[in-house]
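Below is the structure, and that's it, no one-letter string:
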């Protein structure tokens, strides 16, 4: 079945360091890919998405490119801030007739940014 | 604009008790979802609904029930609570349910079954 695999955390970085969180997926067809972020004590919120191969999603300095040839959607940011400390989830979604766009999540990667 | 609202935020249950987790959205979304999040794991889909009166099972439905009598509300029912249901529960909604559709999440309900 469809699945998402993320690099394990926790990831600890110093402020202004470069961030990469790896995400690979297994899916038939043409899934849409997402990164969701969960700040402490809050629900998930969308960070960025890409709906077709070679699309680049970007938001708040974060970027990810949909690579079909490597089935990957790695999250990157050039200079992290303490406020980026959160748990990051990679997810995929496919539209199945009359079943909605159900999300399949990776296990999440906790990021901690130190001043 | 409230978005997706879940109540309660925290709850402790004894084994065998029952409870209903409430979820309401004010965005007129047709699609609604219930997920559970276990420590160190991603979210897993429990049940979903594509519109009022229509619900279906997700990946981990055992021990849960849902109903969808209105577009706004999608309560999740635990009939006989078990320790394995200790988790954080998230409700979400989306407009079209298409593959690229964004899901909007509530803040979650943290449930402990002791």
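Nice, I can see it. Here the structure is a predicted model, which is why all the values come from computation and not from measurement.

looking at chain A, which helix or strand is least sure?
Ranked by mean pLDDT, DSSP states H and E, the weakest helix or strand in chain A is strand A:100-105, scoring a mean of 80.

Following element in sequence after that one, please.
With elements assigned by DSSP states H and E, the helix or strand that comes after strand A:100-105 is strand A:109-114.

Walk me through which strands that following strand pairs with, and which way each runs.
Strand pairing for strand A:109-114, using DSSP bridges, gives strand A:11-14 (parallel), strand A:86-96 (antiparallel).

So which of those strands is the most surrounded?
The highest mean neighbour count among these, using mean count of other C-beta atoms under 10 Å in any protein chain shown, belongs to strand A:86-96: a mean of 22. All C-beta atoms are positioned from the backbone trio N, CA, C, and that covers glycine.

Output the strands paired with strand A:109-114 as CSV; include the columns mean pLDDT.
Below are the strands paired with strand A:109-114 laid out as CSV (pLDDT from 0 to 100):
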stretch, mean pLDDT
strand A:11-14, 97
strand A:86-96, 88
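
so who does residue B:90 touch?
Residues in contact with residue B:90 (C-beta atoms under 8 Å, 6 or more residues apart in numbering or on different chains) are A:43-44, B:6, B:34-37, B:43, B:105-106, B:108-109.

Can you tell me which of the residues you listed end up in strands?
A:44, B:6, B:34-37, B:43, B:105, B:109 (DSSP state E).

Neighbour count, pLDDT and distance to residue A:75 for these - can I get that in JSON lines?
Conversion of those to JSON lines gives the following (neighbours: other C-beta atoms under 10 Å in any protein chain shown; pLDDT from 0 to 100; distance: C-beta to C-beta, whole Å):
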{"residue": "A:44", "neighbour count": "29", "pLDDT": "92", "distance to residue A:75": "14"}
{"residue": "B:6", "neighbour count": "22", "pLDDT": "96", "distance to residue A:75": "27"}
{"residue": "B:34", "neighbour count": "28", "pLDDT": "97", "distance to residue A:75": "26"}
{"residue": "B:35", "neighbour count": "27", "pLDDT": "96", "distance to residue A:75": "21"}
{"residue": "B:36", "neighbour count": "23", "pLDDT": "96", "distance to residue A:75": "24"}
{"residue": "B:37", "neighbour count": "22", "pLDDT": "92", "distance to residue A:75": "19"}
{"residue": "B:43", "neighbour count": "29", "pLDDT": "91", "distance to residue A:75": "17"}
{"residue": "B:105", "neighbour count": "22", "pLDDT": "94", "distance to residue A:75": "18"}
{"residue": "B:109", "neighbour count": "22", "pLDDT": "96", "distance to residue A:75": "28"}
